[in-house]
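Participant: From the sequence below, what's the structure:
(one chain, ligands or ions: 1)
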Amino acid sequence: MTDGATSSADVAAIAEAVQLSCRFTTVRDEQTGVHLERIGHFTRVIVDGLVDDEVIDLRTADLIHLLAPLHDIGKVGIPDAILLKPGPLGEAEWEVMKGHTVVGRRMVDQIVATIRLDDPELVTTMNNVVELHHETMDGRGYPHGLAEDEVPIEARVVAVADVFDALTTERAYKPAWTIPETMAELERLVENNRLDGRCVAVMQRSVDRLAEVGRSATDTAG
Ligand SMILES: [Fe+2]
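Facilitator: Numbering: from 1, shown residues only. Prediction:
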C-alpha cells in the first residue's frame, strides 16, 4: 500500500519522465513527437467523458491522461530503417515494428525499478498503456492477442486516441481525414469489435472539443 504523499511524489516523478521521454522521441522523429502531444489532448477528452459516464474515477482518468504520451516509448528500440521508412513495411519489418510494445514494457520496468515507484495503480496503468495499446476487443491485436475484458480501459482509451490521431493526420501515403470521416471509421471499428464503444461514444459527442484540440496541437507543432 502507498500513502497519499508517496503516491503524489510518484506521479510528479513520472510526469517529469513523460516530459523527458516525449522530448527524446521528438529529437529522433519529429512526427512521432507531435503525435504524442496530440494523443495527450485526445486522451483528456475521452477520459473526461468516461468520468461523466461513471466508467472510471477521476484519479484513473488523470493517470491515463498523464501516461498516454508514453505509449510508444518502445519505438526508440526500433531501427531507423524501419521506424522512418517512408513506404509500407514488409512482413518481417512489421513484426519488428510490433515489438515496440514489448520493448516499451521493458523500458517501463526499468523506469519503475530506477525511481522505485510503489504506487500500484500508477505502475499498472503505465504497464498497460505501453504494452497493450495495440490490443483489440476481438483478440486480433498485438502483442498478446487479448480479447474483451482482458483489455484494460487504459489500453482501450489510448487505442481509440491513437486511431483518431492517425486518421486525422496527413501522412506520406494519405491526406488528413475530416472529423466526420474519422468518426464514421471509428464507428465501423466498434461494430467490427476492434475498438471500445464507450470511448468512441464519448468522442462522438465531443467532436467540437476534438476539433479545437486538433487545431491547437497543430498550431503548437508548427
Ligand atoms: Fe504504438
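Participant: Distance-wise, check residue 68 relative to residue 188.
Facilitator: Between residue 68 and residue 188 the computed distance is 23 Å (C-beta to C-beta, to the nearest Å). All C-beta spots, glycine's among them, are computed from the backbone N, C-alpha and C.
Participant: before we move on, what about residue 132?
Facilitator: Counting by C-beta to C-beta, the gap from residue 132 to residue 188 is 22 Å.
Participant: what do you get for residue 91?
Facilitator: For residue 91, the distance to residue 188 (C-beta to C-beta) stands at 25 Å.
Participant: quick one on the thing from earlier: higher neighbour count, residue 68 and residue 188?
Facilitator: Neighbours per residue (other C-beta atoms under 10 Å) separate residue 68 from residue 188, with residue 68 holding more: 27 against 12.
Participant: and the more buried one, what does it touch?
Facilitator: 39, 40, 43, 129, 157, 158, 161 (C-beta atoms under 8 Å, 6 or more residues apart in numbering).
Participant: and what of residue 87?
Facilitator: residue 173 are the contacts of residue 87 under C-beta under 8 Å, 6+ apart.
Participant: Shouldn't it be within a strand?
Facilitator: No - under the criterion used here (DSSP: H, G, I helix; E, B strand; the rest coil), residue 87 is coil, not part of a strand.
Participant: Looking at it now. What's its pLDDT?
Facilitator: What the model reports as pLDDT for residue 87 is 79.
Participant: cool, and residue 1?
Facilitator: For residue 1, the pLDDT comes out at 43.
Participant: again with residue 105
Facilitator: Residue 105 is given a pLDDT of 96.
Participant: so what's it closest to, chain neighbours aside?
Facilitator: Counting by C-beta to C-beta, 6 or more residues apart in numbering, the nearest residue to residue 105 once its immediate chain neighbours are dropped is residue 131, at 4.0 Å.
Participant: in what helix or strand does that neighbour lie?
Facilitator: Per DSSP states H and E: residue 131 is located in helix 120-132.
Participant: Which secondary structure elements does that helix sit against?
Facilitator: helix 4-28, helix 58-67, helix 100-114, helix 153-168 (3 or more C-beta pairs under 8 Å, 6 or more residues apart in numbering; DSSP states H and E).
Participant: Buried deepest among the ones you listed, which one?
Facilitator: Greatest average neighbour count among these goes to helix 153-168 (a mean of 24), per mean count of other C-beta atoms under 10 Å.
Participant: Report the contact partners of residue 111.
Facilitator: Counting by C-beta under 8 Å, 6+ apart, residue 111 has contacts 14, 17, 117, 126.
Participant: Tell me the one among those nearest to residue 137.
Facilitator: Relative to residue 137, the closest of the contacts of residue 111 is residue 126; by C-beta to C-beta it sits at 21.9 Å.
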